[in-house]
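Enquirer: turn this into a structure:
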Amino acid sequence: MSIMKGVLLCRVSTVTQDYERQINELTTYAASQKIEIVKIFANKVSGVKKNEDRPEILEMIEYVKTNKIDKVLVLEISRLGRNTLEALKVIELLNINKICLYVKNYGIETIDANGNINPMAQFLCTILLEVARMERSTIKQRMESGYINYRNKGGKVGRKEGYKKTDDMLRQEYVEEIKLLKKGISLRNISKITGRSVNTLRKVSSICISKVN
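Expert: Next up, the predicted model:
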């Protein structure tokens with residue numbers, strides 16, 4: 001019996017979150033199911049980005065199509081993209097190539113043991129993605145309402161006047177960005193990868209890189 005080959009797809013929405021938990025949970029599950037994990041695709045990216053702007057998604061799709069991968073494992077369905085349509089596009093591409101998507105927190109598999117597409121799994125994925133989208137929309141509305149109410153009562157949002165981050169603070173906050181800058185990657189491409197603005201990256205480049213070197 002041939003060993004099933006799989007890849008992990010992990011992502012977090014902010015630079016302060018960590019995807020190590022996702023990797024650990026999925027790796028443990030894969031080992032219990034005798035699935036050989038041959039590659040891990042992980043990135044920290046803004047949740048509002050399209051898949052075309054997410055290099056780990058594009059790389060993963062190309063990799064599984066050309067390396068005879070049996071299964072893509074994710075911890076949550078939202079790892080495919082915060083936008084329902086974008087996530088469903090990924091699932092469809094996997095279906096076309098007979099590659100199963102496994103969503104661990106709901107135990108969903110899009111391809112059955114006989115290699116057939118599971119229509120119920122497709123239906124559940126669509127519902128879960130829409131529920132997640134509505135939850136995010138509700139949270140956003142509540143936050144915006146809270147900010148408006150706070151400002152109407154005289155509150156101020158933002159940094160204190162005169163506040164300025166030190167060079168050491170910048171180096172600690174933009175570790176990944178600095179690594180990419182030192183590799184010679186353009187500011188525009190780093191912006192696409194990390195979600196940081198070009199102006200912010202320009203500041204990091206001028207203040208941090210020169211002093212690190």
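Enquirer: mind listing the helices in this protein by residue range?
Expert: Applying DSSP state H to the chain gives helices spanning 20-32, 55-66, 84-96, 119-152, 167-173, 175-182, 187-194, 198-204, 210-212.
Enquirer: so which of those helices comes closest to Ser78?
Expert: Proximity to Ser78, assessed across the helices of the chain by C-beta to C-beta, is greatest for helix 119-152 (5.3 Å). Using the backbone N, CA and C atoms, a C-beta is placed for each residue, glycine as well.
Enquirer: average pLDDT for stretch 35-46?
Expert: Stretch 35-46 carries an average pLDDT of 79.
Enquirer: please read the previous query as pertaining to stretch 92-101.
Expert: Mean predicted confidence for stretch 92-101 is 91.
Enquirer: quote the end-to-end distance of it.
Expert: With C-alpha to C-alpha, to the nearest Å applied, stretch 92-101 spans 10 Å between its terminal residues.
Enquirer: can you list the buried residues in that stretch?
Expert: 93-95, 99-101 (16 or more other C-beta atoms under 10 Å).
Enquirer: wait, what's in contact with the closest residue to Val103 other than its chain neighbours?
Expert: In space, and not counting its chain neighbours, Val103 is closest to Ile77: 5.1 Å by C-beta to C-beta, 6 or more residues apart in numbering. When contacts are counted by C-beta atoms under 8 Å, 6 or more residues apart in numbering, Ile77 touches 87, 103, 106, 108, 125, 128-129, 132.
Enquirer: ok, now with 7 Å
Expert: By C-beta atoms under 7 Å, 6 or more residues apart in numbering, the contact set of Ile77 is 87, 103, 125, 128-129.
Enquirer: please parse the protein into its domains.
Expert: Here the domain parsing of the chain from automatic domain parsing is 4-130, 167-212.
Enquirer: next one: the last one to chain centre, how far?
Expert: In this view, domain 167-212 has its centroid 20 Å away from the chain centroid, taken as C-alpha atoms, centre = their mean, to the nearest Å.
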